[in-house]
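Novice: Provide a 3D model corresponding to the input given below.
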Amino acid sequence: MESDKKDKIIADLSMKVIALSLLVFVLIIVFLIVIFHKPEKVEEQQPFGCGTAAQLHGNDSVSFEDTAGKKLFGRNCAVCHSLGTNRITGAGLEGIFTRIPSEQWLFNYIAHADKVYHSGDAYAVKLHKDFPDVEMPDFDSLGADKIKEIISYLKNARNAIP
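Specialist: Next up is the predicted model:
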């Protein structure tokens with residue numbers, strides 16, 4: 001009987017030693033993986049408001065020349081607006097010049113969207129109703145010349161891939 005107890009104790013200890021050995025083995029493997037694993041290079045995400053239309057839409061080729069307006073659009077507008085009819089965060093910009101009251105209105109809206117909306121402007125109010133959860137930021141910090149370059153780009157980007 002006593003030998004049965006000893007055998008049982010030895011069997012229990014053997015199982016514990018085996019379990020502990022497996023645990024140590026797994027921990028060593030995990031440690032080695034962590035130490036020697038070389039992570040894939042992850043592209044740093046650009047902050048909100050940055051990124052080109054090509055990056056956003058997976059297309060590096062566009063059908064019009066590289067201009068300052070294109071670069072400005074890519075850095076400031078393409079995160080929210082496509083050049084097509086599809087919505088990203090804001091409205092798609094295809095046909096924008098047939099929808100807005102005037103080019104000067106677009107200039108004012110890009111520079112001070114909030115002021116244009118709060119002035120009671122009918123089209124700005126409509127945009128606010130169409131996109132109630134989205135507030136277009138003011139881009140007056142770009143300055144008049146850069147805003148005009150973006151507008152010029154939009155005029156010439158009709159054949160751009162959205």
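
Novice: when you work out contacts or count neighbours from here on, use the C-alpha atoms and nothing else.
Specialist: OK.

Novice: got the phi and psi for residue 119?
Specialist: Per-residue torsions, residue 119: phi -80, psi -10 (degrees, to the nearest 10).

Novice: cool, and residue 81?
Specialist: Per degrees, to the nearest 10, the backbone of residue 81 is at phi -120, psi 130.

Novice: who does it bridge with?
Specialist: Beta-bridge partners of residue 81, counted by DSSP bridges, are residue 87.

Novice: burial count for it?
Specialist: For residue 81, the neighbour count with other C-alpha atoms under 10 Å is 22.

Novice: repeat for the one 3 residues further on
Specialist: Using other C-alpha under 10 Å as the criterion, residue 84 is surrounded by 18 other residues.

Novice: isn't it right up against residue 93?
Specialist: Yes. Judged on C-alpha atoms under 8 Å, residue 84 makes contact with residue 93 at a distance of 5.8 Å.

Novice: low-scoring pLDDT stretches of this protein, where are they?
Specialist: Regions of the chain meeting the criterion pLDDT under 70 cover residues 38-66, 158-162.

Novice: and the longest helix belonging to it, how far out from the chain's middle?
Specialist: Counting by DSSP state H, the longest helix found in the chain is helix 2-36. Centroid separation between helix 2-36 and its chain, computed with C-alpha atoms, centre = their mean, to the nearest Å, is 48 Å.

Novice: separation between residue 76 and residue 133?
Specialist: Look at residue 76 and residue 133: by C-alpha to C-alpha, to the nearest Å, they are 19 Å apart.

Novice: so for the two, which residue has more residues nearby?
Specialist: More crowded of residue 76 and residue 133, by other C-alpha under 10 Å: residue 76, with 20 against 9.
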